[in-house]
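J.: Just a sequence and a predicted model for now, questions to come.
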Amino acid sequence: MPLVLGLRYFRQLSFVAALFYTGWLFHHTSGNGMAAGATNTSEGTFEPLEINLKAFEEGSMVNKIKIALKFNEAASSSGSFYLTGHGISQKQIDGMYNATTTFFDQPLDYKLGFRVGEFGSEGYHEYGSETQSKTGLVKGSKKLDLADMVENFLYGYNEANDRAAKEEDLPDEFKKVLNDYSEVMQALQGKVHKIASLALQLTDPETAMNLTQRGEAALKELMSVNLIDAFWNRNSKTNFHAIRLNHYFDISSGYDDETVKGALRIGEHKDYNGFTILSAGKVSGLQVKNEGKWLDVAARPDAFIVNTGELMSQTTNGYWKATPHRVAATSTKRRISIPYFTSPSRDLVIGPIPGCYICNLGDFQYKRQTSGEHMMKIVQKARRKNKLMPKLKKTELYGGGTRKDETENSLDLA
């Protein structure tokens, strides 16, 4: 190797070692460090770190490591980040929004034709079928105070499914467009897991030495392994990748200002599973809790917002943090959002990810149960007997309209 190239290669490897050591030291001395993962650009605003997928895939060894370390910084602090360079066309995203709007504009009786079970099952779920938080209830009563003001349609897929058969059962508004979106998001999930796997491997102090000594060859070996998919997808036929189409209806009229002020369109919760890859739409409302404060997160047209869920946090033994979030009525306009949820095999017994250094450092902190058991317990807590429906059928609440009647319906949340 010529001397100049040899010196350049040595400097690159030295920089890799410095990068790695700085990231490793930060994560092993900062505790929960909630403020380190992002910057509060102003009071009440939270700006997640940005992970550029295209820059990771096309970047040099040094850039790949920098982005993976940034991934660790985001996931181990706030649990939330912007995902840019994702390769999903705006045309395809717009197609999903158009189809979702068209479906929720339909009469309630039409939408109820696609209700096949309780909250958590696939299909349509009307307003009043879930509760994520009691924050929005009138103090001292069980009267609804604009809590969890959302209806949704849930679509799920795993390799045991026949996509053509699922297509036949979809509402006409979603035929073709929803299956296609599911396919590209499933491919995106694999790419996110690739960065995440490298990020976890970089928590091992021996990895820095190996990269310093062997450079690109060592990185190639790290990149050939996907720790998350290898663990999560042991039985791919029981994986359940889900898309939830959310409709937060217009509340600009029909309610007095005091009622709307501080109302929640969906209450505080952490997502149940792996990563949530969220297309947040154009209307504000998403908030995350950071250092005990609720902070607004701006939707960006070029980015998905990724939140870490409970199962991902648990399988990293708490190293990555599940993101507490909610949707507040900071705007009264109609809001559409489209989250994609990743999850492991339903029969996977929750434990630390094999091959992940930091995941296996101490005793496992969580209950060893299957991911299916974990999911079912949480979903059952969010279900509620819907006493709202008989009266709400007579209103203009659905299909983008506004509610005209008084909030007199009590809810049995027991």
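T.: Done, it's in.
J.: Which of the helices or strands spans the most centrally placed residue in the chain?
T.: Centroid-nearest residue in the chain: Thr276, 1.6 Å away (criterion: C-alpha atoms, centre = their mean). Taking DSSP states H and E as the criterion, Thr276 maps to strand 275-279.
J.: Tell me which stretches of this protein form helices.
T.: Ranges of helices in the chain, per DSSP state H, are 3-29, 53-58, 61-75, 90-104, 108-112, 163-169, 177-201, 205-214, 216-223, 227-232, 257-260, 310-315, 371-382, 389-392.
J.: Pipe these into CSV and attach mean pLDDT per row.
T.: CSV is the format used below for the helices of the chain (pLDDT from 0 to 100):
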stretch, mean pLDDT
helix 3-29, 39
helix 53-58, 97
helix 61-75, 96
helix 90-104, 95
helix 108-112, 92
helix 163-169, 80
helix 177-201, 94
helix 205-214, 91
helix 216-223, 94
helix 227-232, 91
helix 257-260, 68
helix 310-315, 94
helix 371-382, 75
helix 389-392, 36
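J.: my guess is the residue nearest to the centre of the chain contacts Asn307, does it?
T.: Yes - here Thr276 reaches Asn307: they are 4.5 Å apart, a contact under C-beta atoms under 8 Å. To be clear about C-beta, it is placed using only N, CA and C from the backbone, and glycine gets the same treatment.
J.: quick one, which of the helices of the chain is nearest to Ala280?
T.: With C-beta to C-beta as the criterion, Ala280 lies closest to helix 90-104 of the helices of the chain, at 11.0 Å.
J.: which helices and strands does the closest one pack with?
T.: strand 151-157, helix 177-201, strand 241-248, strand 275-279, strand 335-341 (3 or more C-beta pairs under 8 Å, 6 or more residues apart in numbering; DSSP states H and E).
J.: Please export the C-alpha coordinates of it as CSV.
T.: In CSV, the C-alpha atoms belonging to helix 90-104 read as follows (Å, rounded to 0.1, in the frame of the first residue of the first chain):
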residue,chain,number,x,y,z
GLN,A,90,-44.6,11.1,-1.5
LYS,A,91,-47.0,9.8,-4.2
GLN,A,92,-47.5,6.5,-2.4
ILE,A,93,-47.9,8.3,1.0
ASP,A,94,-50.4,10.7,-0.5
GLY,A,95,-52.3,7.7,-2.0
MET,A,96,-52.7,6.2,1.5
TYR,A,97,-54.0,9.5,2.9
ASN,A,98,-56.5,9.9,0.1
ALA,A,99,-57.8,6.4,0.6
THR,A,100,-58.0,6.9,4.3
THR,A,101,-59.9,10.1,4.0
THR,A,102,-62.3,8.6,1.5
PHE,A,103,-63.0,5.6,3.8
PHE,A,104,-63.6,7.7,7.0
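J.: May I see the buried residues of it?
T.: Across helix 90-104, burial judged by 16 or more other C-beta atoms under 10 Å covers Ile93, Gly95, Met96, Tyr97, Ala99, Thr100, Phe103, Phe104.
J.: Which of those sits closest to Gly190?
T.: Ile93 (18.8 Å).
J.: who's in contact with that closest one?
T.: Taking C-beta atoms under 8 Å, 6 or more residues apart in numbering, we find Ile93 in contact with Ser279, Ile338.
J.: Ok, His125 next?
T.: Listed by C-beta under 8 Å, 6+ apart, the contact set of His125 reads Arg115, Phe119, Glu151, Asn152, Phe153, Leu154.
J.: Okay, Ile277 and Asn307: tell me how far apart.
T.: Using C-beta to C-beta, to the nearest Å, Ile277 is found at 9 Å from Asn307.
J.: actually Gly292, sorry about that
T.: Going from Gly292 to Asn307 by C-beta to C-beta gives 18 Å.
J.: In terms of neighbours, single out the busier of these two.
T.: Neighbour count, other C-beta atoms under 10 Å: between Gly292 and Asn307, Asn307 has more, with 27 against 7.
J.: partners of that one in the sheet?
T.: Ser80, Thr276 (DSSP bridges).
J.: Quick check: Tyr319 touching Thr203?
T.: Yes - under the criterion of C-beta under 8 Å, Tyr319 makes contact with Thr203 at 7.5 Å.
J.: Pipe the helices of the chain into CSV and attach distance to His247 per row.
T.: Compiled in CSV, the helices of the chain are given as follows (distance: least, C-beta to C-beta, whole Å):
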stretch, distance to His247
helix 3-29, 39
helix 53-58, 28
helix 61-75, 29
helix 90-104, 4
helix 108-112, 10
helix 163-169, 20
helix 177-201, 15
helix 205-214, 45
helix 216-223, 40
helix 227-232, 30
helix 257-260, 18
helix 310-315, 25
helix 371-382, 17
helix 389-392, 14
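J.: most neighbours per residue, which of the ones you listed?
T.: With neighbours taken as mean count of other C-beta atoms under 10 Å, the helices of the chain reach their highest mean count in helix 310-315, at a mean of 24.
J.: Please identify which pair of the contacts of His125 lies farthest apart.
T.: Pairwise distances across the contacts of His125 (C-beta to C-beta) peak at 12.1 Å, for the pair Phe119 and Phe153.
J.: The two: which is more packed in?
T.: Phe153 (24 against 18).
J.: Give me the nearest residue to that one, chain neighbours excluded.
T.: Leu245 (4.4 Å; C-beta to C-beta, 6 or more residues apart in numbering).
J.: cool, and Asn72?
T.: Leaving aside its sequence neighbours, Asn72 sits nearest to Ala199 (C-beta to C-beta, 6+ apart; 4.6 Å).
J.: got it, and Gln365?
T.: Gly318 (5.4 Å).
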